[in-house]
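> Sharing a sequence plus its predicted fold:
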Amino acid sequence: MSKTRIAFIGAGNMAASLIGGLLAKGVQAAQIRACDPGAETRAKVTAEHGIEVFADNAQAIQDADVIVIAVKPQAMKAVCLDLRQHLKPHQLLVSVAAGITSASLLNWVGQQPLVRCMPNTPALLGKGVSGLFATDAVTAEQRQQADELLSAVGIVVWVETEAQIDAVTAVSGSGPAYFFLLIEAMTDAGVKLGLPREVAEQLAQHTSLGAAHMAVSSGIDAAELRRRVTSPAGTTEAAIKSFQADGFEAIVEKALSAAAHRSAEMAEQLGQ
């Protein structure tokens with residue numbers, strides 16, 4: 001990314017996290033531009049990151065190699081139609097909007113190289129995971145640019161078919177909320193078992209953090225890690241058996257299927 005010029009359309013939280021991540025990895029502020037309709041947002045991004053910020057999309061994307069479209073899904077069509085007349089054939093578009101297919105995007109912007117991305121909110125802390133899908137017009141160099149861009153805020157996983165983006169949305173895009181829900185439930189259960197709320201909350205939060213770190217860093221799959229901490233006839237086994245008796249795996253599968261279905265449904269609604 002040492003010479004890549006990047007323009008962000010939309011300068012909200014996700015764009016700001018990417019900008020911060022790129023700067024932290026050594027990309028120069030002069031290589032990055034952003035555009036946002038909100039004067040307050042523009043002032044904040046300029047103050048925090050020292051990059052050039054515009055109110056006009058055409059100015060922001062001039063001479064850019066990569067254009068990151070980071071606006072709300074409901075605004076994508078209008079933004080893309082506005083961009084269309086200003087785009088150059090070589091410019092790579094990276095969409096971080098949920099539920100907008102590449103077919104819809106290309107219908108609005110014309111035949112541009114396009115990478116569709118599904119990040120998640122831990123990207124705001126540099127701990128995200130992003131699923132990426134590239135259309136056929138994307139070159140190997142552009143694929144690398146997109147990879148490095150999203151790697152600035154976490155890890156990157158490429159999928160081979162666009163339909164798999166709905167599954168990425170279900171697993172990781174919406175996934176942080178599932179863990180927050182579990183932390184909530186564990187905290188409430190701890191309180192009912194007699195713990196002060198702040199103690200129960202700390203225990204649930206840091207247990208979640210420690211377990212995730214073990215799953216990522218140990219090189220051992222989650223099923224085996226679970227088996228290793230589940231002693232026969234012990235406390236953990238009692239809890240796991242209770243989860244499974246209530247259909248825990250089926251509940252999770254049903255929930256993720258609902259999220260993937262909604263992702264596909266949104267694509268149909270928002271792509272019209």
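Arrived safely, thanks for sending.
> What residues sit buried inside the top helix by length along the chain?
If each helix of the chain is counted by residues according to DSSP state H, the longest one is helix 248-270. Buried residues in helix 248-270, defined by neighbour count with 16 or more other C-beta atoms under 10 Å: 256, 259-260, 262-263, 266-267, 270. For every residue, glycine as well, the C-beta is placed using N, CA and C.
> and residue 272, what pLDDT?
Looking at residue 272, its pLDDT stands at 67.
> how about the residue of the chain most remote from its centre, phi and psi?
Most distant from the centre of the chain: residue 233, at 40.2 Å, with distances by C-alpha atoms, centre = their mean. Per-residue torsions, residue 233: phi 60, psi 20 (degrees, to the nearest 10).
> if we can go back for a sec, widest-spaced pair of the buried residues of helix 248-270?
256 and 270 (20.9 Å; C-beta to C-beta).
> Would you mind measuring from the residue positioned nearest the centre of the chain to residue 66?
Centroid-nearest residue in the chain: residue 119, 1.1 Å away (criterion: C-alpha atoms, centre = their mean). Distance of residue 119 to residue 66, computed by C-beta to C-beta, to the nearest Å: 15 Å.
> tell me the domain ranges of this protein?
With domains defined by automatic domain parsing, the chain comprises 6-168, 175-267.
> Next, format these as TSV and append mean pLDDT.
Listed next are the domains of the chain as TSV, based on pLDDT from 0 to 100:
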stretch	mean pLDDT
domain 6-168	93
domain 175-267	96
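> most packed of those?
domain 6-168 (a mean of 19; mean count of other C-beta atoms under 10 Å).
> how long is that domain from one end to the other?
Using C-alpha to C-alpha, to the nearest Å, the end-to-end distance of domain 6-168 comes out at 25 Å.
> so how far is it from its chain's centroid?
For domain 6-168, the gap between its own C-alpha mean and the chain's C-alpha mean amounts to 11 Å (C-alpha atoms, centre = their mean, to the nearest Å).
> swap in stretch 230-239?
With C-alpha atoms, centre = their mean, you get 35 Å for stretch 230-239.
> on contacts alone, who are the packing partners of the lengthiest strand in the chain?
Assignment by DSSP state E gives strand 128-134 as the longest strand of the chain. Strand 128-134 sits against strand 114-118, helix 140-151, strand 154-158, helix 164-168, with contacts defined as 3 or more C-beta pairs under 8 Å, 6 or more residues apart in numbering; DSSP states H and E.
> So which of the ones you listed is nearest residue 129?
Comparison of the helices and strands packed on strand 128-134 against residue 129 by C-beta to C-beta identifies strand 154-158 as nearest, at 5.1 Å.
> ok and the longest strand of the chain relative to helix 140-151, angle-wise?
Interaxial angle, strand 128-134 versus helix 140-151 (axes from the mean of the first three to the mean of the last three C-alpha atoms, to 10 degrees): 160 degrees.
> can you list contacts of stretch 117-125?
Residues outside stretch 117-125 that contact it (C-beta atoms under 8 Å, 6 or more residues apart in numbering) are 13-14, 17-18, 21, 94-96, 98, 128-133, 146, 150, 153-154, 165, 168-169, 172-176.
> Now with 6 Å, please.
For stretch 117-125, contacts defined as C-beta atoms under 6 Å, 6 or more residues apart in numbering pick out 13, 17, 94, 96, 128, 130-132, 153-154, 165, 168-169, 172-173, 176.
> still on that earlier bit, report all helices and strands that the longest helix of the chain contacts.
Packing partners of helix 248-270 (3 or more C-beta pairs under 6 Å, 6 or more residues apart in numbering; DSSP states H and E): helix 164-168.
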